[in-house]
Every structure is written in C-alpha cells, then in structure tokens.
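A.B. asks: Quick one: sequence plus predicted model below, questions after.
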Amino acid sequence: MSVSKTERQNTASNENFALPPLLREEESGEEATHHVSDSLYAFFERLGIAALPEEEGCTDLTSPDGQLETLVAVASRCQDDYDMDDEIDFLNASIECERRALKLSEEAGFPKIERLRALGSSLYLRFRRLRNLADIDEAIWHQNQAAALGSNEHDLYAACLSHLGVLWNERFQRLGRREDIDHAVDYQSQAVQIIPEDHPDRPMYLSNLGNSFHCRFERLGKLDDLDRALKSHLQAVELTPKGDEDRPGRLNNLGNSWLSRFESLGELADLDRAIDYHSQAVQLTPDDHPKKPVRLSNLGNSWLTRFEHSGQLADIARAVELQSQAVYLTPDGHSGRPMCLNNLGDCWIRRFQRLGDLADLDRAIECQSRAIQHTPEDHPRWPRYLNNLGGMLVKRFERLGELADIDRALKYQAQALQTAQDGHPDRACYLYSLGNSWDRRFERLGELLDIDNAIECQSQSVQLTSKSDPRRPSRLNNLAYSCFRRFEYLGELGDIDRAIEYQRQVVHLTPEGHPNKPGRLSSLGNSWLGRFKCLGEAEDLERAIDYQSQAIRLIPEDHPSKLMFLSNLGGLRLIRFERLGEPRDSDDAIECQLKALELTPGDYAYRPDLLKGLGMAYLNRFYSRANRDDLGLALNAFRDGAKAGVFRPLTQTQCAKLWARTSINLNESPLDGYRTAFQMVPHLVWLGQTVRHRRQVVTNISNLSAEAAAWAISIHKYDLALEWLEQGRSVIWNQILQLRTPFESVSAADPELGQQFRDIASQLEVASCCAATAYEAPNLSIDLLDRAQNHHMIASRWEELLTKARQLPGFENFLLPRKWRELKKAAKDGPVVVINVCDTRCDALVVVPQREDLVHVPLNKFSHEKLSRMKIRPFHLASRCDDSTDRGFKPDVLQSTTQLLAQLWSDVVGPVLEKLSYTGSGQGDQLPHVTWCATGALSFLPLHAAGLYDGSSLGALDLVVSSYTPTLGALLSHSKQSTDPRSGILLVGQEASPGQASLPKTVDELKAIRRHASPTSFHQLDGTSATVNATLSEMKRYGWVHLACHAIQDSQNAAHSAFYLYDGRLTLEEISKQNLQNKGLAFLSACETATGDSRLPDEATHLAAGMLIAGYPSVIATMWSIMDKDGPFIADLVYSQLIADGKMNHTEAAGALHKAVMKLREKVGLKEVWRWAPFVHIGV
C-alpha cells in the first residue's frame, strides 16, 4: 500500500475591490413640476419605503433638487442597510432609487456623471451577490459613460478608470475570459499613472491594480504578474497611514500575494511574510467589522499551508481555531459564509489525514456540503468547493470502503473539471483530483479503464504544472502511483520503470523535513518491489527495503500512515526471507505486521490486507521451522481477515481460502473457511459491474469450487461437494439467469415487491451490458459517470430486495445457491456426471434419476498434472487454415489424438460408465443418455468421443448418447416441452462472408433442412439478407434457429466470439443480451461454437453457451473446426429425425445428433476423429 496525497483548494480571498468615492453633489436651481412629489411617494411606497426621516432632508419633494437629494439619500440608506444585514431587497431598492435619480438628472439637465458611477457601483454589488451577468455588463456600460464624461478631470477620470478595472476583473472571475482580466489590468494601470503620487486615493488604486495582477497570475501562472501584484500591494500598504481604516484590507491582500508566491516557489520566507501580514490585518480589524471573517480565514489558510510543510500539530490547531472563528462571525445567508465553511472543512480534512480521527473527516464533509449548498452553481468558487468535497469523499472511501463515496467523488470532480476548459488556472488541480479518484475506484473494482483514466488525468495535470510549482511533486507522485498500479494489473515493465523514474524525481524535489517525504519514499520502495517481482533482481528488493525503512524512520509515531509503512516493510522482509531463508527476516516480518495491526482502527478498510500479510508471515515461518504454533497463529490471522467487518472482497476471499487450507494442515475442519469464501463470491463478482469486467474478476476464484469439493469428497460429503461445484462455477451465467427469473412466486406473495424485482432486474441487465469504453478521461460526460453510479446503486438495490424477499414466509432461500435436494432434479433423462479435477484428487459425482444419494466414482488414475499435459493439443493444432473447402480448418492427423481419447477412456469416462454398468453394447434407440458436466480444462476435451480405437474395443459413442451442460442449474432452467411447430425455423446461411473463405456447401445444407421443414413454417436469411440485425430480429419470431456460416472463438476476449454474417459479427456478447421465450433448438453449424476460453474454463464462454443463456434449451455445436461438406450431412440426418408428423421436438436433439455422428463415423472411418467428433449436444 502507498500513500497518495490529495490536493487542497482553499480560498484565500482578496478584499473586495475598493471603489473610488463618489463626489459631492453640486447644487441645481432647476424647479420640478408640482405633480412629481406625488409620483415619488408612490415610487417609495412600491419599494416598501413607508416613511422618509427628516434627517435625510426630505422636506421639499416639489423641486427637482429635493427629489434628487431624497433619491440619493434613500439609495445611500438602503445600501447601508444592505451592508449591515446582507438582505438583497435593500440593494434592489438602492438600485431602483439610483435608476430614478439618473433618469431625473437626464430630464432636468443635472450633471449625471456621479449618478452613472453610483448606479454602476450598486449593480456591481448586486452582481457580486447574485452573479447575474446582466448586472456587471450594465455596470460596465454606465462606468464607461462616466469615464467619457469625466475625461477632462484627472481625479474623476482616474476614479472611473479604476472602477472600470474593478468591473472587468469581476467579469473575468465570472467568465474566465483572458481579455476581461487584460482590460482590468489596463484600466487600473492607467488610473495609477494618472493619479498624483500624493493623492489620497493612490493607495486604493494600487491595491486594486495589485488584485488584478494577482488574478491574472492565478489565471496564467506568470510570475511577472505576481511580482507586479506584490509591488503594487507593498506600495499601497506603504502609502496607507497607520490607523487608516483601509490599512487592514491592504495588509490582507499583500499577505495573499506572499502566500501565492510561496505556493509557486516554495520559499519559506514568503510563507512567514504571508502569516505576518495576515496577522496584522486580523489584529487591526475589530470583531464587529464585516471583513473580520475573511481576514481570519485568510490567516487560517496561511497557517494551514505552514502545517502542510511542517507537519506540526500546533499549526493545524491554529488554522482550525482561526477558520472556526471566521465561520462563527459570518451569519447564515451571508455571501461570504460558503468560503469560510470551505476553508474550515479544508482544515478538518488535513487534521484527519494527520491524526486519523473519523470525527474530523465527518466535520470536513459537513462543512464542505454546507458551502456547496449555499453557493450558486454559476459562482466561480462553486467548482472549487465541489472538487474539495470530492477529495473528502475519497478519503472517507479509503477509510471505510463505501463505494457510493468514490462514485460521488468522481461525479463532483468531473463536474468541476467541466467548468475549467483549456487554459483555466484550476484545470491542473481538477485533473489531479479526478485522476486520484479514478485510481481509488480502480483499486476497489479492478476496472482497467479506471486506471487508464487515472493515468491520463494525472499526466495532463503534470504537463500543466510548471517545474517550479511546489505542487508538481504531489502531482508527479500520484501519476507514479497510478503507473505502479497498472503495472500490478498488467505486468508491463514500461509502467514500473515510469513509476520509478517519476518517484525518484519526487523524492529529489521533496526537501528533508517535509511531512510528505516519508510517503514518497514508501511509494518509491513499493515500485522497486514491483520491479523485483517482474525481473527478480536482488538489488531491486534491497532498494525497496531501504526506502521503506527510511519512510518508517521519518514518519511521526502517531501518524495514521505509519501502519501502512510497517505493513509494507513486513511484506518486503517476508519476500527476502522466501528468497534467502534468513530467519531474522521472518521474525522481522511478523514484528512489522503485528505493530501495524496494533495501530489499525477496527473499521480500517485495509485491515484484511494487514491480517493476510501477518498470516502469510506466520505460514512461511511454519514452513521454515515446523512450529505448529505458527500454523495456528496463521489460521487466526486469515480467519480474522476473512471475517473483518469491512469490505475488501478480493482480499477477504483470499483470506477465507487460506483459512480453509491452513485448517486442513492443522487437521481441523475447513468448512467455515470455505463457506466464508463462497459467501464472498457475489461481492467479488458483483452485479454492479459489467459482464466483461466480471469475466476478468472471476479468475480469482477459478480453483475455489474444485478445491472445496475435493475436501468435501474426502470426508464423503458428496452432496456438499456438488453444491459447492455448482456455486463456484458459471457464476456469471447464474447471475444472468437470476435476473431473468419470472418472479411469479414473489408477486403472488407481494405484488409490489415482485414488480420491483422485475424493474431492477431489467435495469441491471441493461447496465451490465454497457460498454465500459464509453468512459474516456478527462473529457468525459457526467451522464456516463451517472450511468456507472446508477449501475452500482441498482446493484445495491437488488441486494436490498433479496434481503426483503427472504423475510417472507417460505422465501428464506430465495435465489440462494441451490441445495442437493433441488439439484438432483436435473437428472430427468439419465445420469448427470459431474467431474471434479483438483491437484489433490479427481472424482466423478453422478446424479442418477430416482436415486436419493449421489454415486461417487474415484478417478484414481487421473490427475491434475495429467490433464495439464493433455490439454487439447491435437485439436488446437487443428485450427490452421489449409483449404477453402473447410468451414473452419483441416487438421493434421496426429497420433496423439487417439492417444488422448484412449487416456480419457481409461482414466475418466471408462470408470464412470463401468460404475453405471453401461459397458455392454447398446441397441440403437435404447442407448442410455448421459450428460457430462466437467470442471476446469477437462471441459474442453471430447469426453463423448473417448475410446481405445484399437479395432475391437467399444468407446463412449458406442455405449451412450452424450450431452454436455455447463451446470446442473442450466438443465433446471429450461422447459422440456416440445416447441410449437407454428413457431417455425429460422435458417441463416452465409456462403461468402466478406473477408472469409467461401462455404459453398452451406447452400446444400439449407436446402436439405427446407426439405424436412416443409410441414412447418421457416424463414431463410442468406447472402445480403443475412445481416446481424435481421438475424436477431427473426430469432425473436422463430422457435428454432440454424446458423451455417463461419464462426470464431476470440482468444483475447471471449465476449467477441462471433458468427460471421454479411455485414459483420454477431457476437457472444450480443447474443447473451437476448432474453427469448419459448425457444427450442439452436443448431450452430459453424466452427468452434463450443470451444470456450481457456482462461475461464468454468464460465462457459462460447457461442453455444450464449444460445443457452438467450433462451434456447437445446444446442448443437462444434468443439473445433468442421469440414464444409460435413455440415449438410449432419444437418440432413438430424432434422430428418427431429421434424416428423408436423412436430418439432428439440428434446430428441441429443439422440438425433448421436445417430448422425455414428453415420458420419461409418462414412469417413473410425480414425478420422477430427471430422466426426467435433459435433456435440449441449442442454436438455
């Protein structure tokens, strides 16, 4: 485990831009008409101003002078009330008064420059509150008018220019347009140039100019702008007398600029200056001053920054205290409160990261949530708050493991990123945060695309960060960490080399004493370990140990990350012990893991990983010293890891398997261990992920069922063994079938619940088939993230519904794995033979009709080692294309083919049939029917063709009619009723698929089928009409389907295995999505349609299985390539038996195929196994 740092975005707020004061009104001798006073009273009444106090000089409303004076006075009073109470109605009233005053000035011929400025100032205030773009645009227009009128008066013109700069700056902060901040700098620079050196307003203009330079620096990252900001703010402070009421604000702005300089260059002296100036600003500001909260918050930001570089708890305590005061002094509803809440939340999250107290994390999330709640979405700080909340949710996910937290984090951070297009100053930060969240979700779900997205986001973040930026090491470190994770997943050396190179840079850039130094050393150590595992070079392991040891020496004793570093070092010591056998390393490994666990909270998400590490350390010491006490301690650790009250499904499944194995070594029952492992399977192979990803994850339990069943068989618990074999195989298949349950029984007991099941099951099936490639970082759609989050939510909802259903009387076992008493019903038409191959033993369990117990057949001559040597080499070699007349490929005739079939007979099939007394010669239709259900790689071998082929002995084909099934549940899921002949047959042929060899015999094949199908309805698609969509559409209409075409088993991605049709591939993935009703036979007269994926032997990932899932209970398919001319021969014989007297009986498909294959064998010869043996029947 490594430490990955999140990047904060607190808000250091500059003081509101100061507006130049309004000049005193000049007297005017104009008289007003007599009726104006009446309309003015009505105007005030409409605004809710019921009385005009005498002190405002409202005694004569009959003259224009009196009216103007009254309007100005009321506007001023309303603005004072707004400043005091932050009530928008006061500001609206002030603006209406200013508009009336401007209009009156224009009508009466009064000077209007001050009215223009005043109205612009009020609109500016309202824009800051409501963020309505129309207000700032109107304010700019009025101020431009004022500037044009005042161009002949230096003081007035300078004031107008400075005010224009303020407005353009605000517009920039609203829209982020470069030209707006350039206007701001230009106007304010002119104002400073015009105003005399000794003018009392010069400090104000300099401060405004400094603020604009600072904003442009934050936008463009140019240090020249920051230097100009510092110079302007320093001059403003120097020119402001001590005791001046504006001095604290200017000190505050100067402190912000020094803080930004520190964050850009990393010079501690700049941070000290920031704290000094911010402290002065706070000390000079009375507690009842409206700017006190902002200044406290900025000082808190400076202390927080120092904590991040010092790690001193006193610094974070001071930051929390200051930010808490800022929030306390800011009333609810005040526009500045969200910023103060954001900054307080930032302090709490840093304190949590340092001390690990969950209460601090909860406080952080609460503060940040409230900040977002009270901030409009179009506010420039909204994305920052959203990004920060995302980072906090990531931390909670890391601690508690709740998937909903990381889903929400991704959504919030993606929303923040969408607001920051290319060139935006915050884009690098948002990319960094989003990349970190992708990385964390990858760790939980293992979706390759998540780690690819993480690396893409983090790479862009690093590219956008200058080499002098002190945030670069953090961003580079997280990029390295994600490269390391992808290396662990894919094993590509380039990723680990990049990780090491980046982390070397990070460690070099991190000064001694920096609080992040230990974490970065630990990450570098982890990467060296990864390289050692890849290449086995001893020096890489030594480097890893050295860096982890340095990390532990440097990290404070009470730091929450220390436990991870200890665990990492323990793992390294264990690896070195395994390599060199040094006893001290074994003892040190155990000591490190024990210390790590002592520091681990009970709800720590990685506790199972630590316990697994401890168990492995004890186990290895046992192997070295044979002390059974170590074995017992290992068992305890594995058991505790498996049953830990957190959610780490993969690690906990591994712990449960180790618990079971260790129990066996101690001569104790592994029952609880195996049961716990099986209970974890639905969480590991989770419905909340796509089918494609579940196929990757299921490899983690590839040998669980075989191993557990072997133990159960060894103690004669055959029914338990069968249940476990059923539960741990074809997991994804069973999940799909569960979602297609009719739910009729639930509806009868609870109609509403039944409908909920149908709705959620339908949603889950659609979500499970969505292509993960839609998520492309960083320019991804929020809708796509919502889709993924919704998939997770509906999967959780499915689990809730299952819990609810199982509380109903009689539904206690609803959709739980089937028990023996139900599984035995699968043997309706003859014995079902389940063959288990494990490295400890091999056995067959036979379910016999009308028999209460299972028949056990020990396969003592067979072994896992034999199977691994056999594989299917002869048939694999048969996949080479030789001639265009093959529907697939013509194989070399190899002697090993008959050797393999002979070994299958003597070691597997023969003993089973002998136990069943099926060893005599059968007579035609009276041959018994056997369904084979093999596990592991044995499922790829032709058990139905097993035999000695010595010219005198009988083989399986002579003694039984064979079918195959992926699971017993597959036989239970389909009806055995004959298909309604009115539903007809769909015939699909493709003589010349684009890009494929010609298959001329498919024409003859379809012609032969039509001849037999004449009593029924049929529909034929061939040539250009045999498209993917047309085929899928017609499959819904017709009860049977026959496909005569090319097909392929995709070795890289089984879901892409497909039939070649006219316009493309009809894939296994697309077929499996279908949920067809009342279907019968699917005859797949193509190559490799029952081949499967060698990496997932127990998951039935072939085209025939797709047809079973889609709703066809009976499938004829091929285990390898077939000759083009053999297709019509087999099809003609099969259909001649299945369609008779106007009936379509798919339940006779196994017998019909058996007879057809016997005929082909007679025709081509016994030794031509590769021609007659590929045809198989699957299902009922």
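C.D. replies: Structure received.

A.B. asks: Doesn't Ala1117 belong to a strand?
C.D. replies: Yes: the assignment for Ala1117 by DSSP: H, G, I helix; E, B strand; the rest coil puts it in a strand.

A.B. asks: Need the CA coordinates for stretch 1096-1112. CSV is fine.
C.D. replies: This file holds the C-alpha atoms of stretch 1096-1112, laid out as CSV (Å, rounded to 0.1, in the frame of the first residue of the first chain):
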residue,chain,number,x,y,z
LEU,A,1096,-12.2,-19.2,-17.9
PRO,A,1097,-12.9,-22.9,-18.2
ASP,A,1098,-15.7,-22.9,-15.7
GLU,A,1099,-17.6,-20.0,-17.1
ALA,A,1100,-18.8,-21.5,-20.4
THR,A,1101,-17.8,-18.5,-22.6
HIS,A,1102,-18.6,-19.9,-26.0
LEU,A,1103,-21.3,-19.3,-28.6
ALA,A,1104,-23.3,-22.3,-27.6
ALA,A,1105,-23.5,-21.1,-24.0
GLY,A,1106,-24.7,-17.8,-25.3
MET,A,1107,-27.6,-19.5,-27.1
LEU,A,1108,-28.5,-21.3,-23.8
ILE,A,1109,-28.5,-18.0,-22.0
ALA,A,1110,-30.5,-16.4,-24.7
GLY,A,1111,-33.3,-18.9,-24.2
TYR,A,1112,-32.5,-22.0,-26.4
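
A.B. asks: could you give the mean pLDDT of it?
C.D. replies: Mean per-residue pLDDT for stretch 1096-1112: 80.

A.B. asks: give the contact list for the residue lying closest to Leu614 once chain neighbours are set aside.
C.D. replies: Of all residues not flanking Leu614 in the chain, Gln593 sits nearest, at 3.9 Å (C-beta to C-beta, 6 or more residues apart in numbering). Every C-beta, even on glycine, is put in place using the N, C-alpha and C of the backbone. When contacts are counted by C-beta atoms under 8 Å, 6 or more residues apart in numbering, Gln593 touches 566-567, 570, 610, 613-614, 617.

A.B. asks: Adding neighbour count, distance to Val646 and pLDDT, write those out as a markdown table.
C.D. replies: Converted to a markdown table, these look like this (neighbours: other C-beta atoms under 10 Å; distance: C-beta to C-beta, whole Å; pLDDT from 0 to 100):
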| residue | neighbour count | distance to Val646 | pLDDT |
| --- | --- | --- | --- |
| Leu566 | 26 | 19 | 93 |
| Ser567 | 27 | 15 | 92 |
| Gly570 | 27 | 20 | 92 |
| Leu610 | 28 | 11 | 93 |
| Gly613 | 27 | 15 | 94 |
| Leu614 | 27 | 16 | 95 |
| Ala617 | 29 | 21 | 93 |
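
A.B. asks: so what pLDDT did the residue nearest to Leu614 get?
C.D. replies: 93.

A.B. asks: Would you tell me what helix or strand Val834 is located in?
C.D. replies: strand 832-837 (DSSP states H and E).

A.B. asks: Note down every partner strand of that strand and its orientation.
C.D. replies: The strands beside strand 832-837 in its sheet (DSSP bridges) come out as strand 842-847 (antiparallel), strand 929-934 (parallel).

A.B. asks: Export the ones you listed to TSV and append columns for mean pLDDT.
C.D. replies: Shown next, in TSV, are the strands paired with strand 832-837 (pLDDT from 0 to 100):
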stretch	mean pLDDT
strand 842-847	97
strand 929-934	95
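
A.B. asks: ok now the helix or strand where Ala416 lies, how far from the chain's centre?
C.D. replies: Secondary structure assigned from DSSP H and E places Ala416 in helix 403-418. The chain centroid and the centroid of helix 403-418 are separated by 10 Å under C-alpha atoms, centre = their mean, to the nearest Å.

A.B. asks: Now do the buried residues in the host helix or strand of Asp958.
C.D. replies: Remark: Asp958 resides in helix 956-959, with elements defined by DSSP H and E. By neighbour count on 16 or more other C-beta atoms under 10 Å, the buried set for helix 956-959 is 956-957, 959.

A.B. asks: can you check stretch 534-552 too?
C.D. replies: Neighbour-count burial for stretch 534-552 flags 534, 540-541, 543-545, 547-552 (criterion: 16+ other C-beta under 10 Å).

A.B. asks: Need the max-distance pair from these.
C.D. replies: Using C-beta to C-beta, the buried residues of stretch 534-552 span at most 24.7 Å, a distance reached by Cys534 and Ile552.

A.B. asks: what comes into contact with stretch 263-274?
C.D. replies: So stretch 263-274 is contacted by 221, 223, 226, 255-256, 258-259, 261-262, 302, 305-306, 309, 468-471 (C-beta under 8 Å, 6+ apart).

A.B. asks: ok, and what's touching stretch 292-299?
C.D. replies: Residues outside stretch 292-299 that contact it (C-beta under 8 Å, 6+ apart) are 11-13, 15, 248-249, 252, 255-256, 259, 275, 278-279, 281-282, 285-286, 322-323, 325-327, 329-330, 336, 339-340, 343.

A.B. asks: Actually, stretch 1068-1078.
C.D. replies: Residues from elsewhere that reach stretch 1068-1078, judged by C-beta under 8 Å, 6+ apart: 691-692, 736, 740, 765, 769, 979-980, 983, 1028, 1032, 1035-1036, 1039, 1054-1058, 1101-1103, 1105-1107, 1109-1112.

A.B. asks: Tell me which of these fall in strands.
C.D. replies: Among the contacts of stretch 1068-1078, DSSP state E puts Ala1058 in strands.

A.B. asks: For ChimeraX, what selects the buried ones among the contacts of stretch 1068-1078?
C.D. replies: Buried members of those, defined by 16+ other C-beta under 10 Å, are picked up in ChimeraX with:
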select :691,692,736,740,765,769,979,983,1028,1032,1035,1039,1054,1055,1056,1057,1058,1101,1102,1103,1105,1106,1107,1109,1110,1111,1112
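
A.B. asks: Go through stretch 600-608 and flag the buried ones.
C.D. replies: Quick answer for stretch 600-608 (16+ other C-beta under 10 Å): 600, 604-608.

A.B. asks: wait, Arg99 sits on Ser122?
C.D. replies: No: Arg99 is beyond contact range of Ser122, at 9.1 Å (criterion: C-beta atoms under 8 Å).

A.B. asks: With neighbour numbers in mind, choose between these two.
C.D. replies: Ser122 (26 against 16; other C-beta atoms under 10 Å).

A.B. asks: Please name the residues that touch that one.
C.D. replies: Applying C-beta under 8 Å, 6+ apart to Ser122 gives the contacts 75, 79, 91, 94-95, 98.

A.B. asks: Leaving out sequence neighbours, find the closest residue to it.
C.D. replies: Closest residue in space to Ser122, ignoring its immediate chain neighbours: Ile95 at 4.7 Å, by C-beta to C-beta, 6+ apart.

A.B. asks: My guess is the one you found contacts Ser121. True?
C.D. replies: No: contact criterion C-beta under 8 Å: Ile95 and Ser121 do not qualify, at 9.9 Å.

A.B. asks: Could you report the separation of Ser939 from Thr741?
C.D. replies: Using C-beta to C-beta, to the nearest Å, Ser939 is found at 26 Å from Thr741.

A.B. asks: more crowded one of the two?
C.D. replies: Ser939 (22 against 15).

A.B. asks: is it fair to say that one lies in a helix?
C.D. replies: Yes: per three-state DSSP, Ser939 lies within a helix segment.

A.B. asks: Could I get the full set of strands for the stretch 851-1000 of the chain?
C.D. replies: All strands of the stretch 851-1000 of the chain, identified by DSSP state E, counting those that start in this stretch, fall at 855-858, 929-934, 961-964, 985-989.

A.B. asks: Ok, which of these comes nearest Trp438?
C.D. replies: Going by C-beta to C-beta, the one of the strands of the stretch 851-1000 of the chain nearest Trp438 is strand 929-934, 40.1 Å.

A.B. asks: Perfect, I'm done here.
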